Each structure stands twice: as C-alpha cells, then as structure tokens.
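*Asks:* can't give you the sequence, but here's the structure:
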Ligand SMILES: Cc1cc2nc3c(=O)[nH]c(=O)nc-3n(C[C@H](O)[C@H](O)[C@H](O)COP(=O)(O)OP(=O)(O)OC[C@H]3O[C@@H](n4cnc5c(N)ncnc54)[C@H](O)[C@@H]3O)c2cc1C
C-alpha cells in the first residue's frame, strides 16, 4: 500500500472533509486543499435524512452532530396558493425512529463544518490547507502533482476532486462543460427567530410549493434562528443586477402566493443569488489517479435534500474501498463508481422528477396533490426506505453503522 505520499483532496466542503476523516481512520495520510481563505465559510441551514448517520456513527461524529442539530416533528408540504397541507413525512413520530433507527435532522452548515474540522484537527494524518485554490494537476506513474493559483504545487499518491458543482478537477478530467441551467434561482436567508414576522410553523421543515416557485423554511440552533430558502423560475436568472431589481422579480413571481409567503419574502436577503442547474448522471468519475466525489461527480437539485448527504456517503465509501483495495487506487476508484453510481443517479433523477411535481400548474398540479395526499404514513416511509436505509458496498461489508454487523470489519 502506498503510504509515503498523502492522498490530496481538492475542496474542503462536507464531502472533502468526510473523505479526509474516513481515509485517516484507515491509516491514509491526507492533505485537504481548500480554495477559500476559511474552511466552511458558507453558512445557512441544511437538512439530512437518517442515512447520514450511517456515516457519522462509524466516524464517531454522531453525538457531536446531534448536539448541534434539531429533529423536526414533521417535513410538511403546503400548497403555496391556499396554504392547505398536501402531505407530510412524520419525522418526529416514534415510528420514524423505529423504522430508520436515526433521526431526520436540520443543522447550521457552519456547526456541522465545525464538528468535522475539530475531528480533523484531532487527527495527525490530516493536513488542512486553506487559501489553496487548485487550478489543475499532472500525473506520473506513481504520483499526482497538484497546482494552486498562487503557484504552489503539492505531490500526492492520488487526487480526490471534491471541489463542488464548478469542479476544476472535473473540467480537466472530462471537459464536459458547466451545469445545464434550468431557469430557476434561489435566495437563502437566516433571521433571528425573535425577528420572524410571519405566522408559520416554527418547529417543522415546511415546503410551500407553487407553480414555478417554492419556499422552504425551518428552525436552526435549537430555535434561535430561522432559515428561509426561496426558489423560483425567472427569465433574468443569469443577470448580475441589484437587489431592487431582484426584489421586483420576486414580487412578480410570487404575486399570487399565500400572504404568509409574502411575509417570508419580505425578510429575504437579496444580496446573493444561486443559479440552479443540472447534469445528466455518468458512470465514470475517475481517470488514472484522480477521482471525483460529491457535487463534482453527481450534482443534484436539492428536492430530496440529499446532495450533501451523498457527498458524505461518498467520502466513507471511497475510503473503505481504498482500504479494501490495499491502496490500489485504480481498482478502488472503479469499485467506488460501481458502488455509488446508481444510488446517486437515483437521487439526481428523482430530484428532477419531484422538482417538476412541486412546480406544476393546472390539472397536473391537482393530480400530484391528490396522489400525494392519499398516501398513508407507512407508504410515505416505504417510499423513502431505499434512501434512508443507507447503502452497502458491492461484494463488501455493509457500510452501515450497525454494531451487530461489525462496521467495516
Ligand atoms: C439552496 C440549496 C439547498 C440545499 N439543501 C441541501 C440539504 O438540505 N441537504 C443536503 O444534503 N444537500 C443540500 N444541498 C446540496 C448541498 O449543498 C451540496 O450537494 C453539497 O454541499 C455538496 O458537497 P461537496 O462537498 O461535494 O461540495 P461543496 O459543498 O460545494 O464543497 C466544495 C468545496 O470546494 C472548494 N473549492 C471549490 N473549487 C475549488 C478549487 N478549485 N480548489 C480548492 N477548493 C475548491 C469550495 O470552496 C468548497 O469548500 C442544497 C443545495 C442548495 C443550492
């Protein structure tokens, strides 16, 4: 096994840091190159299904994560025009815990990042380097040399591109272009709960779904903060413009929305806008000594709230396979693609389909609402089981945190 050089990870997001911890747990030295001057700089809330604990528990992170997280009583879908409840996942019901073993959680991204960073700091095998924007890499028979914008170079045994949706590593490896814009944008805001001026459910995750737009909101930090994400279709999505133009855009789009949504929109911070795009799933994420994970490999719309969760699962899966392959990276990377392709592709494709459903209009909308409304609690859980039950490696041990199975044995 090659232990003389570290594995280099480009990108210290949730996927990159999880991979670093999982690899170090298996004895690999890791160097994480993060382009920003601070790890985990982007805030806002994030939701996780119980499947994320199938990674956090074996990495010894579950308790620390739970300390910062909240578990909502429900994930509720509401009609954005008249405010009636369409359907819900009863995440707070004891049956949910019984069925999926772990809770559904909401957490501030910075808090989660802090948990991962603290764990990295405790580990001698992990070297975290900020202000290291990777521009490309060169490969030799026994190493990769990674270059950064400021002219430094780093030598490793292999390279993991965990550098997100605009991955430069992917661009160099495959040159398959940018995400395909879908015409939707999102704005994200966090306000102190004490300043929340809208009559909404404050403990649940609520999705208001309307024709061409939706809003998601939920509490953070044990009810101290309130996270709002507004998403909508707009013709001016690519324009760089000022907050006033964006406000006018927003008011036009949401003109028929329920009054509660208008109150939520009034609180939005319009300084930053994310344009949303998609990529068709592909089977190959590696070339030689370089491999992609997370959004760099298989970006997804946020409909199932699983993009980060997939990046985190990738991190553990990749480390386990590198370990099982005895450091034969070419073999480990092939196994990794096999292990992760269909599950991540299903997340991407189902997210695309649900995206259409959330934003439908007319008769299609009524049909969807009726279909969703007819499902029993048990049927809702059953629909989510493929996702929330976690994943297994092909021909290998279960990547589940079930002590009875002896994780990673
Ligand atoms: C509005 C919205 C809501 C979402 N909600 C959820 C949710 O509730 N649950 C969920 O699971 N997912 C959610 N997602 C998806 C989730 O944010 C992503 O899937 C997840 O962050 C991907 O993790 P990653 O580690 O692959 O990439 P990223 O989190 O994008 O991390 C990439 C890292 O690489 C760094 N970087 C970039 N380029 C370079 C470079 N060239 N060199 C070095 N470093 C570089 C970046 O600074 C960053 O730190 C949401 C996404 C959006 C847009």
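*Replies:* Done, it's in. These figures come from a predicted structure and were not determined experimentally.
*Asks:* could you use CA atoms for every contact and neighbour count after this?
*Replies:* Noted.
*Asks:* and the stretch 251-400 of the chain, which residues reach the ligand?
*Replies:* Within the stretch 251-400 of the chain, the positions lying close to the ligand (Cα under 6 Å from any ligand atom) are 294-296, 302, 305-309, 311.
*Asks:* go again using 5 Å as the cut-off
*Replies:* Residues of the stretch 251-400 of the chain lying close to the ligand (Cα under 5 Å from any ligand atom) are 294-295, 302, 305-309.
*Asks:* which of those tops the neighbour count?
*Replies:* residue 294 (27 neighbours; other Cα atoms under 10 Å).
*Asks:* now the helix or strand hosting residue 244: mean pLDDT?
*Replies:* Assigned by DSSP states H and E, residue 244 belongs to helix 243-253. Model confidence over helix 243-253 averages 83 on the pLDDT scale.
*Asks:* the residue lying closest to residue 26 once chain neighbours are set aside: what secondary structure?
*Replies:* Distances taken as Cα to Cα, 6 or more residues apart in numbering put residue 323 closest to residue 26, at 6.4 Å, once the chain neighbours are dropped. Following DSSP: H, G, I helix; E, B strand; the rest coil, residue 323 is assigned to helix.
*Asks:* for burial, what's the neighbour tally of the residue nearest to residue 230 when sequence neighbours are not counted?
*Replies:* Distance criterion Cα to Cα, 6+ apart; nearest residue to residue 230, sequence neighbours excluded, is residue 215 at 4.4 Å. Neighbours of residue 215 under the rule other Cα under 10 Å: 22.
*Asks:* before we move on, what about the one 5 residues further on?
*Replies:* For residue 220, the number of neighbouring residues by other Cα under 10 Å comes to 27.
*Asks:* what stretches of the protein score poorly on pLDDT?
*Replies:* Within the chain, the stretches with pLDDT under 70 are 1-3, 41, 237-241, 394-409.
*Asks:* switch the cut-off to 80
*Replies:* Residue ranges of the chain with pLDDT under 80: 1-3, 40-42, 235-244, 393-409.
*Asks:* from the centre of it, point out the most distant residue.
*Replies:* residue 141 (33.6 Å; Cα atoms, centre = their mean).
*Asks:* so what's the backbone phi/psi at that residue?
*Replies:* When read as degrees, to the nearest 10, the backbone of residue 141 gives phi -60, psi -30.
*Asks:* state the distance from it to the ligand.
*Replies:* 23 Å (Cα to the nearest ligand atom, to the nearest Å).
*Asks:* got the contact list for that residue?
*Replies:* By Cα atoms under 8 Å, 6 or more residues apart in numbering, the contact set of residue 141 is empty.
*Asks:* same question, the one 5 residues further on
*Replies:* Applying Cα under 8 Å, 6+ apart to residue 146 gives the contacts 134-138, 153-156.
*Asks:* tell me the secondary structure at it.
*Replies:* Taking three-state DSSP, the label given to residue 146 is strand.
*Asks:* next one: residue 308
*Replies:* Look at residue 308: counting by three-state DSSP, its state is helix.
*Asks:* show me what contacts it?
*Replies:* By Cα under 8 Å, 6+ apart, the contact set of residue 308 is 14-15, 294-295.
*Asks:* with residue 65 instead?
*Replies:* Neighbours of residue 65 in contact, by Cα under 8 Å, 6+ apart: 112, 115.
*Asks:* any idea which element it lies in?
*Replies:* helix 62-68.
*Asks:* just residue 154 next, same as before
*Replies:* Taking DSSP H and E as the definition, residue 154 sits inside strand 153-156.
*Asks:* and that strand, which strands flank it?
*Replies:* strand 143-148 (antiparallel) (DSSP bridges).
*Asks:* where's the partner strand relative to the chain centroid, distance-wise?
*Replies:* In terms of Cα atoms, centre = their mean, to the nearest Å, the centre of strand 143-148 is found 27 Å from the chain centre.
*Asks:* near the ligand at all, it?
*Replies:* No: Strand 143-148 is not in contact with the ligand by Cα under 5 Å from any ligand atom; minimum separation 7.4 Å.
*Asks:* got the buried residues for that strand?
*Replies:* The neighbour-count check on strand 143-148 (16 or more other Cα atoms under 10 Å) flags 143-148 as buried.
*Asks:* burial measure for residue 44, as a count.
*Replies:* A count of neighbours around residue 44, defined by other Cα under 10 Å, yields 17.
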